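A.B. asks: Need the 3D shape of this:
(2 chains)
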Amino acid sequence: MNQKVLFALAVAALLGAFALGALIYKTRQGEQAVQIAERNRGNLVRTHSPTLGKADAPVEIVEFLDPACETCRAFYPAVKQMMAANPDRIRLVLRYAPFHNGSDRVVAVLEAARKQGKFWPALEALLAAQAAWAPNHRPQVELVWRHLEGLGLDLERVRADMAAPEIARVIAQDLDDARVLNVTKTPEFFVNGKPLPSFGYEQLKDLVDQALASARR
Amino acid sequence: MKADETTAWYLVFVAWLIASVSTLGALFFGEVVKVPTCVLCWYQRIFMFPLALILPIGLFPFDRKVLRYALPLAAIGGLIALYHVLLVAGVIPETMQPCTQGVPCKEQVMVWLGFVTIPLLALLAFVAIVVLLCIAHFRSPK
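C.D. replies: The predicted structure is shown next:
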């Protein structure tokens, strides 16, 4: 055989084997993720979680979120848009996955704001100012206060409530559920209990559209 | 091409196959399976990946001097792999390992048959490449 042909065939075979292996592995991983989510439905939604939208909405998006995560920040308006485009049909359940070091303290601030009925405005204010209080991806809870002014929050009470043991329990429970559900990156979405086949806005939108369509039937 | 030179060509070709399989294997475990890559693994990658690209340059047209530019990579990579294997085996004490932060090099995520680890495969690949290149060099006519 011509040596150049042999070389070309070898290159094609190696790259082909790599692509096939990657495809098989990813497919199997996707199937496993679906099974893990199915087996652990109880870990997906807890009564303590903040929710947005009607309780009986046919489509439920569970989002594991880290307030210090840039991609979470980028996805937040997209999820809100989906909800606005389908009023009363989508419910958002937020779970915490504070994987950034120090992010759990910021989650505690949000939970304390929740006690004053200001969870969503506080979350939106902090996501908008993320770069200011998490410089170089290092969340610093002492930098968040400035960005919570003007929301009508009693910040002294937030500071006091942050240390509440039930807030620590909520964070610990969410982190534990994230571990059980194999959530290792944020944001991670589950739509009516199904994980994304792979990460991406299109994948999330497709899954939500499918769930909306099957709810209409 | 003379018979000797053809044999040498095939030896270098096999060396390239080994380097390419190692490169794609490392990328598969690192990028697809997402096995964390420790510092020593990165050093071995630095010496293995270029071999997959440099060896074909010695194949078309066949260059007897391929040994000159491929051997330093294969030999140094082999030494790092040897160090890593000895570290995993416990011959070199743990205190000497350079990577205390991040992924510890001593911890092996992938183990097949109870003893086959990625650094062992890397060592075998580097040694095989060195041997093949040397034989090719001395068998090919000057």
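
A.B. asks: Just give me the residue closest to the centre of chain B.
C.D. replies: With distances taken as CA atoms, centre = their mean, B:Phe126 lies nearest the centre of chain B, 3.5 Å away.

A.B. asks: Could you give the number of residues near the residue lying closest to that residue once chain neighbours are set aside?
C.D. replies: Spatially, and ignoring its direct neighbours in sequence, B:Phe126 is nearest to B:Gly78 (3.4 Å; CB to CB, 6 or more residues apart in numbering or on different chains). Glycine gets a C-beta too; all of them are placed from N, C-alpha and C. Neighbour count of B:Gly78, defined by other CB atoms under 10 Å in any protein chain shown: 22.

A.B. asks: which residues are contacting the helix or strand hosting B:Gly78?
C.D. replies: Of the helices and strands defined by DSSP states H and E, B:Gly78 is found in helix B:66-89. Contact partners of helix B:66-89, identified using CB atoms under 8 Å, 6 or more residues apart in numbering or on different chains, comprise B:12, B:15, B:40-41, B:43-44, B:46-48, B:50-51, B:54-55, B:57-59, B:92, B:94, B:96-97, B:105-106, B:108, B:117, B:119-120, B:122-123, B:126-127, B:129-130, B:133-134, B:136-137.

A.B. asks: Follow the chain on from it and name the next helix or strand.
C.D. replies: Later in the chain than helix B:66-89, the nearest helix or strand by DSSP H and E is strand B:111-112.

A.B. asks: and that following strand, which strands flank it?
C.D. replies: The strands that strand B:111-112 pairs with in its sheet are strand B:116-117 (antiparallel) (by DSSP bridges).

A.B. asks: Low-confidence regions, chain B specifically.
C.D. replies: B:1, B:94-108 (pLDDT under 70).

A.B. asks: Report back the residue of it that's furthest from centre.
C.D. replies: Residue distances from the centre of chain B (CA atoms, centre = their mean) peak at B:Lys2, which lies 29.2 Å from the mean C-alpha position.

A.B. asks: excluding its backbone neighbours, what's nearest that residue?
C.D. replies: Excluding its sequence neighbours, the residue lying closest to B:Lys2 (CB to CB, 6+ apart) is B:Pro141, at 6.2 Å.

A.B. asks: Quickly note the distance from that neighbour to chain A.
C.D. replies: Separation of B:Pro141 from chain A (CB to the nearest CB, to the nearest Å): 17 Å.

A.B. asks: Contacts only, for that residue.
C.D. replies: B:Pro141 makes contacts with B:2, B:4-5, as judged by CB under 8 Å, 6+ apart.

A.B. asks: Need the residues that contact the helix or strand bottoming out on mean pLDDT in chain A.
C.D. replies: Ranking every helix and strand in chain A by mean pLDDT, DSSP states H and E puts helix A:41-44 at the bottom, with a mean of 84. With CB under 8 Å, 6+ apart as the test, helix A:41-44 has contacts from A:37, A:62, A:177, A:180-181, A:190, A:193.

A.B. asks: Pull out the buried residues from the residues you listed.
C.D. replies: Among the contacts of helix A:41-44, those buried by neighbour count (16 or more other CB atoms under 10 Å in any protein chain shown) are A:37, A:62, A:177, A:181, A:190.

A.B. asks: Would you mind listing what in chain A touches chain B?
C.D. replies: A:3-4, A:6-7, A:10-11, A:14-15, A:17-18, A:21-22, A:25-26 (CB under 8 Å from any CB of the partner chain).

A.B. asks: hey, C-alpha coordinates of stretch B:26-34 in PDB?
C.D. replies: Output of stretch B:26-34 as PDB, limited to C-alpha atoms (Å, rounded to 0.1, in the frame of the first residue of the first chain):
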ATOM      1  CA  ALA B  26      -5.200  11.600  27.000                       C
ATOM      2  CA  LEU B  27      -7.700  14.000  25.300                       C
ATOM      3  CA  PHE B  28     -10.500  11.500  25.600                       C
ATOM      4  CA  PHE B  29     -10.000  11.000  29.400                       C
ATOM      5  CA  GLY B  30      -9.300  14.700  29.900                       C
ATOM      6  CA  GLU B  31     -12.000  16.300  27.700                       C
ATOM      7  CA  VAL B  32     -14.700  13.700  27.300                       C
ATOM      8  CA  VAL B  33     -14.600  11.600  30.500                       C
ATOM      9  CA  LYS B  34     -13.400  14.700  32.400                       C
END
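
A.B. asks: if we can go back for a sec, gap between the residue nearest to the centre of chain B and B:Pro93?
C.D. replies: To B:Pro93, B:Phe126 is 24 Å away according to CB to CB, to the nearest Å.

A.B. asks: for A:Gly21, same thing?
C.D. replies: A:Gly21 sits 37 Å away from B:Pro93, going by CB to CB.

A.B. asks: With neighbour numbers in mind, choose between those two.
C.D. replies: Using other CB under 10 Å, the more surrounded residue of A:Gly21 and B:Pro93 is A:Gly21, with 15 against 8.

A.B. asks: Next up, identify which helix or strand the more buried one is on.
C.D. replies: Using DSSP H and E, the element containing A:Gly21 is helix A:3-39.
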